[in-house]
Each structure stands twice: as structure tokens, then as C-alpha cells.
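1. A predicted structure for the sequence below; I have some questions about it.
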Amino acid sequence: MTERSEAYEGGRSGPGAQPQAPRSEQPQRWSAHLSQHAQPPSPHSSPQSQQSSQPPQSSQPSQQQPQAPSHFPPSPQSRAAAAPWFAPPHQQPGPPGVPPQRTTRLPGYPTERPDFEPPPPWARPAARNGAHRAEPAFAPSPGDPAGRDGGRGRLPRRNVLIVVGVVLVLLAATLGATAGVLATLRWGPALITSDPQAPDDNLGSKGSAFPKPESVANVARALLPSVVQISVTAAQGRATGSGFVLRDDGYILTNNHVVAPASGGNGIKVTTNDGQEATASVVGRSPAYDLAVIRVKGIRNLRPVALGDSDKVRVGEPVVALGSPLGLAGTVTSGIVSARNRPVTAGGGQSEMSFINALQTDAAINPGNSGGPLVNLRAEVVGVNSAIATISQRSPFSGNEEQGSIGLGFSIPIDQARRTADQIIKTGHAVYPVVGAVVDVNFQGPGARLGEIQPGSSAARAGLQKGDVVKVINGHKVTGADDLIVQIRSHVPGQRVELVYDRGADEHKVIVTLGQETG
């Protein structure tokens with residue numbers, strides 16, 4: 001029986017951590033929102049003429065229909081058949097990447113770095129099929145048509161457990177490589193018995209700093225000066241993503257998969273909406289939540305964004321996405337919040353799997369949008385764009401895999417992002433809650449069956465045992481292993497949660513105080 005060591009505990013390696021057994025099944029294909037850099041268009045051709053010159057696409061709707069998200073861990077057979085997540089060029093070793101292989105660890109955001117492949121002729125919005133993050137860790141930002149982001153590249157992908165039949169792509173874009181994956185899982189609100197850690201009041205400006213725009217045009221005018229394009233140079237090529245200003249002293253928030261490639265000493269360049277450029281350094285990263293904070297110096301008149309309250313976001317509420325999809329800086333798209341509390345698992349490596357209780361939107365998001373803000377009509381940031389679901393198909397003309405936005409984008413709630421950014425700015429790292437138990441990924445549910453319990457962990461102290469099946473957490477019905485982890489991650493260390501579980505034919509309830517790990 002294959003078990004996830006990341007599972008309930010957070011699945012991170014560390015003292016007393018249980019070894020994780022690799023999963024034999026192939027991860028489903030999810031496209032990451034990483035975009036590969038597009039080749040610069042001919043100076044003599046207009047975008048319209050270029051589009052018209054594109055060969056007609058094959059029409060087989062049945063092959064392009066995305067599968068409805070499943071709330072149970074996929075069977076080995078279904079996982080093998082599932083489409084890999086597509087990561088933007090930047091997230092994978094290039095925007096689009098190859099489906100990475102995901103370990104059985106539940107906690108942590110999988111690293112999205114699939115095998116690197118030379119950039120294709122046109123920049124891709126996301127990495128190749130497969131779960132993985134773009135090397136640049138940038139959301140699959142599309143390559144810059146002007147050549148700034150380079151040609152279309154693919155980044156290596158990481159395998160990720162996916163509960164949805166469509167490809168989840170990270171939004172970072174990279175030149176010549178892409179990787180990044182997010183698998184969607186359903187998770188709901190959890191009962192919190194202790195107050196969450198208070199965010200830093202200095203992060204972001206107050207909502208009153210901006211007038212109430214009440215229109216997409218006014219939102220764009222208010223936010224674009226605060227949105228930046230991020231370029232990372234790595235061995236696989238150049239990756240691009242997005243970010244937004246948190247403080248006027250140079251702190252910028254983005255996705256971990258956008259800047260992860262820079263962790264090896266590669267350079268990061270930030271370009272503002274008014275054309276100013278400067279190098280940036282990584283302050284800290286949180287693979288567990290796919291977030292990172294960088295700092296830039298030498299740029300004048302940085303304008304912090306206003307941070308909203310993601311808990312107050314309503315389904316159907318209008319939202320605006322800003323960023324640099326496919327390297328096209330200053331792009332603005334709009335839509336609505338399609339769903340809340342959507343369990344999403346992203347990443348391509350065992351040690352950097354991310355579990356997010358995401359906001360779902362139909363606003364067009366593509367590779368290169370990774371790290372950019374999702375904003376309400378009051379010009380308040382309510383989410384950090386991180387991944388998209390796409391239908392993976394092979395072009396009948398070029399033979400290359402083609403993926404793009406199908407109106408299913410996922411954003412990290414700003415409440416979580418604010419808390420994580422505050423920790424990184426203050427200490428250089430972030431923490432996430434764990435229970436200290438492995439989750440059996442082969443269990444078909446309902447619920448999540450526990451595997452090994454770490455001695456001395458929160459689970460052990462609460463009396464949980466191997467074989468217990470957790471059915472409810474704080475009133476939320478658990479649909480599977482990933483759902484349980486996402487629910488745990490939506491809390492903070494030290495909080496208490498109520499679990500309802502079955503042991504044999506008997507039902508039990510227990511209060512568990514969450515432990516913590518760094519990442």
C-alpha cells in the first residue's frame with residue numbers, strides 16, 4: 001500500500017518524519033500557469049494577420065472537454081490516464097514543462113521543474129502537460145512577443161496527484177522551459193478555535209488609499225503602477241512571471257515557482273509598468289503555499305497595493321487579473337469568482353508540494369500571470385494568481401502539445417498570502433501547520449485513511465492510530481487525502497481542530513492541536 005508521508009503531517013522531511021514511499025501511479029496532467037516566451041512577431045505583420053495565418057484547429061469537442069473535478073483520490077488507473085498538469089514556461093524549467101513525478105508526501109508545494117526542452121517557436125501560456133513548476137518558478141507567463149521573454153520554451157514538469165481530469169498549469173513563463181502543476185481538490189471552511197496570526201499592518205496599503213473604482217478600467221488604472229514583471233535567468237533559459245508591490249521600501253510578493261530557479265544564484269530582474277528596471281533578491285520562499293517575497297532597490301515611486309479580505313469574497317463577484325501573460329506586460333483581464341475553497345495541489349517535487357484552498361476564477365489567466373494579483377472592483381487584492389486548468393491536446397499541424405486558458409484559474413487567497421509574506425519579511429522563512437501522520441493515497445474514501453503516526457506528533461498526542469479514517473474536520477466532510485491536507489494547511493500552527501474519524505465500526509471525535517514545520 002502506497003502511503004503519502006507528506007500527508008496529514010505536512011509531509012515534510014525532518015526529525016521523526018516518516019519516509020515516503022513513491023507513488024506508482026502516473027500523476028494526472030495539470031497545466032501550470034507558466035507561459036513560454038513567444039517569438040517576437042514579424043514587424044510587418046499585425047496580431048490579426050498572424051492569427052488569421054494560423055492553420056484551423058481540429059474540431060473534436062469531445063476530446064477537449066475537461067473532466068469534472070473528482071473529490072476522491074484518483075485510482076492508479078485513472079491517475080495513469082489523467083492528463084499531466086501543464087506548467088507555464090517559467091515555472092517548469094521553462095513555462096510549459098513535462099509532467100513531474102510526485103512523491104507520496106502530502107505537505108509542501110511540489111517543485112515544478114520537469115525536463116528542460118528547447119523553446120518552441122511560439123511562447124506557450126503554460127508549461128507542458130504534467131505536474132511541475134517552471135524552473136523560474138514564475139507563473140507560466142507567456143513569452144514576450146517583443147522577444148523580451150524569448151521564444152516558446154518548455155520547462156520540466158513534476159508529477160503531481162491530481163483530482164481533476166484537466167491539466168493544471170502554473171502561470172510562470174520561461175524561455176525554453178516550463179513547469180508547474182496544481183491539482184484541484186475540494187475543500188471547505190474549517191472551524192478555527194484560536195485566532196490566526198495577525199498580519200503585518202505594513203503589508204499593502206489600506207483599502208482607503210484608493211478610491212472605489214467600480215469599473216475594470218479604474219481598477220486597471222489604480223493597480224497597474226503596482227504590478228511588476230519578473231524575469232529570472234536560469235540554465236534552462238529565461239522565465240517570466242508577475243508580482244505586486246507590498247511595501248514602498250521594495251518588498252514584492254510573487255509565486256515561489258516563479259523565483260525558485262533563482263535560488264541557485266541566478267539573477268532576478270524586475271520591470272515596473274513605467275519601464276524602470278532593477279535587480280532583486282529573494283527574501284524568502286514558501287514552497288508549502290507557493291509564495292515568495294523578493295526585494296528590489298533603486299526603483300522610484302513604488303506604490304503598494306491595497307490588500308482586501310479573501311474571506312469576504314463571494315461567488316459571482318467580479319474580479320480583475322493583472323500581470324504579464326506570455327510576457328505581455330500590463331495585461332488586464334476580467335471575470336468573476338467561480339468558486340471558493342477549491343482544494344488545489346501544485347508542484348512537481350516531493351519536497352515542494354503546495355496545497356492551497358484556492359479561489360477559482362474565469363478571468364483569463366495564462367503563463368506569465370503567475371504571481372500577479374486578482375483584484376476586486378474596489379481595487380483590493382483578494383488573491384495571488386498561481387495556476388490554471390487546461391485541456392491538453394496535440395496540434396495536428398505542428399505535433400506539439402497545445403494548452404491554454406479554458407476559464408479555470410486558481411488564486412491563493414490573500415489572507416493566506418498576507419500571513420505568509422509577513423512571516424517571510426520578519427524571519428526569512430514561513431511555517432505551515434502539520435499533524436504528524438501519513439495519509440494513504442490509495443484509499444478510495446470517503447474520508448482519508450491515516451498511515452504511520454509520527455511518535456510525539458500532534459496526531460500521536462491526540463490518540464490517533466494507523467488505519468483511522470478521518471471523515472470530518474471542523475464540520476467539513478473530507479473527500480480524500482489531499483482534501484485533508486488542504487484543510488489542515490488553511491489553518492496556522494497552534495490552532496485546534498476537531499476531527500471525526502472511524503476506527504473499525506466505531507466513530508470517534510478528537511481535538512488536535514496543530515504542530516508546525518518550516519517551508
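-> Great, that's in hand.
2. all helices of this protein, in order?
-> Listed in chain order, the helices of the chain (DSSP state H) span 47-52, 61-64, 76-81, 216-223, 256-259, 414-427, 458-461, 481-489.
3. Need these in JSON lines (columns: distance to residue 305).
-> Every C-beta, even on glycine, is put in place using the N, C-alpha and C of the backbone. Conversion of those to JSON lines gives the following (distance: least, C-beta to C-beta, whole Å):
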{"stretch": "helix 47-52", "distance to residue 305": "30"}
{"stretch": "helix 61-64", "distance to residue 305": "36"}
{"stretch": "helix 76-81", "distance to residue 305": "39"}
{"stretch": "helix 216-223", "distance to residue 305": "7"}
{"stretch": "helix 256-259", "distance to residue 305": "17"}
{"stretch": "helix 414-427", "distance to residue 305": "10"}
{"stretch": "helix 458-461", "distance to residue 305": "36"}
{"stretch": "helix 481-489", "distance to residue 305": "24"}
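4. Among those, show me which one is buried the most.
-> Compared across the helices of the chain, helix 256-259 shows the largest average neighbour count, a mean of 43 (mean count of other C-beta atoms under 10 Å).
5. May I have it as PDB, with CA atoms only?
-> Only the C-alpha atoms of helix 256-259 are listed here, as PDB (Å, rounded to 0.1, in the frame of the first residue of the first chain):
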ATOM      1  CA  ASN A 256       7.600  30.500  -5.300                       C
ATOM      2  CA  HIS A 257       7.600  28.700  -8.600                       C
ATOM      3  CA  VAL A 258       8.400  32.000 -10.400                       C
ATOM      4  CA  VAL A 259      11.600  32.700  -8.500                       C
END
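6. follow-up on the earlier one: nearest to residue 451, of the helices of the chain?
-> The minimum distance between residue 451 and the helices of the chain falls on helix 481-489, with 9.7 Å, by C-beta to C-beta.
7. That closest one vs helix 414-427, what angle?
-> Calculated by axes from the mean of the first three to the mean of the last three C-alpha atoms, to 10 degrees, helix 481-489 forms an angle of 60 degrees with helix 414-427.
8. I'd like the helices of the chain laid out as CSV, including distance to residue 441 and mean pLDDT.
-> Formatted as CSV, the helices of the chain follow (distance: least, C-beta to C-beta, whole Å; pLDDT from 0 to 100):
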stretch, distance to residue 441, mean pLDDT
helix 47-52, 43, 42
helix 61-64, 28, 43
helix 76-81, 9, 40
helix 216-223, 40, 95
helix 256-259, 23, 92
helix 414-427, 24, 97
helix 458-461, 17, 95
helix 481-489, 5, 91
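9. wait, which of the ones you listed is closest to residue 391?
-> Of all the helices of the chain, it is helix 61-64 that lies closest to residue 391, at 4.6 Å by C-beta to C-beta.
10. Between the helices of the chain, which one is closest to residue 339.
-> Using C-beta to C-beta, the nearest of the helices of the chain to residue 339 is helix 481-489, at 13.8 Å.
11. helices or strands up against that closest one?
-> Under the contact definition 3 or more C-beta pairs under 8 Å, 6 or more residues apart in numbering; DSSP states H and E, helix 481-489 sits against strand 331-346, strand 354-361, strand 431-434, strand 437-440, strand 448-453, strand 469-473.
12. tilt between that helix and strand 469-473?
-> Using the same axes, to 10 degrees: helix 481-489 against strand 469-473 is 40 degrees.
13. coming back round to it: closest one to residue 300 among the helices of the chain?
-> Nearest to residue 300, of the helices of the chain and by C-beta to C-beta, is helix 216-223 at 18.3 Å.
14. Name the surrounding residues that touch that closest one.
-> 210-211, 213, 244, 305, 318, 320, 322, 332, 334, 373, 375, 377, 379, 381 (C-beta atoms under 8 Å, 6 or more residues apart in numbering).
15. which residues of the stretch 201-350 of the chain fall in strands?
-> Under the criterion DSSP state E, counting those that start in this stretch, strands of the stretch 201-350 of the chain are mapped to 227-234, 237-245, 251-254, 268-271, 277-286, 291-296, 306-307, 318-323, 331-346.
16. Which residue is the nearest non-sequential neighbour of residue 514?
-> The shortest distance from residue 514 to any residue other than its chain neighbours is 3.9 Å, reached at residue 433 (C-beta to C-beta, 6 or more residues apart in numbering).
17. The one you found and residue 492 touch, don't they?
-> Yes. Residue 433 lies in contact with residue 492 (C-beta atoms under 8 Å); the separation is 6.0 Å.
18. follow-up on the earlier one: I'd like to know which of the helices of the chain lies nearest to residue 449.
-> With C-beta to C-beta as the measure, helix 481-489 is the member of the helices of the chain nearest residue 449 (8.1 Å).
19. and that closest one with strand 331-346, angle?
-> Orientation of helix 481-489 against strand 331-346 (the same axes, to 10 degrees) gives an angle of 110 degrees.
20. start to end distance for stretch 312-330?
-> One end of stretch 312-330 to the other measures 27 Å (C-alpha to C-alpha, to the nearest Å).
21. In the stretch 301-450 of the chain, where is pLDDT below threshold?
-> 347-351, 392-405 (pLDDT under 70).
22. circling back: which among the contacts of helix 216-223 gets closest to residue 273?
-> Of all the contacts of helix 216-223, residue 273 sits closest to residue 322, with 9.4 Å by C-beta to C-beta.
23. show me what contacts the closest one?
-> 220, 223-224, 227, 242, 244, 330-332, 372-373, 375.
24. and what of residue 358?
-> By C-beta under 8 Å, 6+ apart, the contact set of residue 358 is 182, 184, 341-344, 383, 386-387, 410-413.
25. now residue 316
-> Contacts for residue 316 (C-beta under 8 Å, 6+ apart) come out as 336-337.
26. What does it show for phi and psi?
-> Dihedral pair for residue 316: phi 100, psi -10, per degrees, to the nearest 10.
27. coming back round to it: so the residue nearest to residue 514 bridges to which residues?
-> residue 516 (DSSP bridges).
28. Distance-wise, check it relative to residue 364.
-> 33 Å (C-beta to C-beta, to the nearest Å).
29. try residue 302
-> 27 Å.
30. Kindly report the same for residue 314.
-> If you measure residue 314 against residue 364 using C-beta to C-beta, the figure is 21 Å.
31. For these two, work out which one has more neighbours and name it.
-> Remark: of residue 314 and residue 364, residue 364 carries more neighbours, 20 against 9, as counted by other C-beta atoms under 10 Å.
32. which residues does that one contact?
-> Residues in contact with residue 364 (C-beta under 8 Å, 6+ apart) are 321, 325, 333, 335, 405, 407, 409.
33. these two touch, right, the second one and residue 367?
-> Yes. Under the criterion of C-beta under 8 Å, residue 325 makes contact with residue 367 at 6.5 Å.
34. ok, these two, which is more surrounded?
-> Each of residue 325 and residue 367 has its neighbours counted (other C-beta under 10 Å); residue 367 has more, 58 against 36.
35. can I assume the more buried one is in contact with residue 328?
-> No. Between residue 367 and residue 328 there is no contact under C-beta under 8 Å: 10.6 Å.
36. That's all I had, so thanks and see you.
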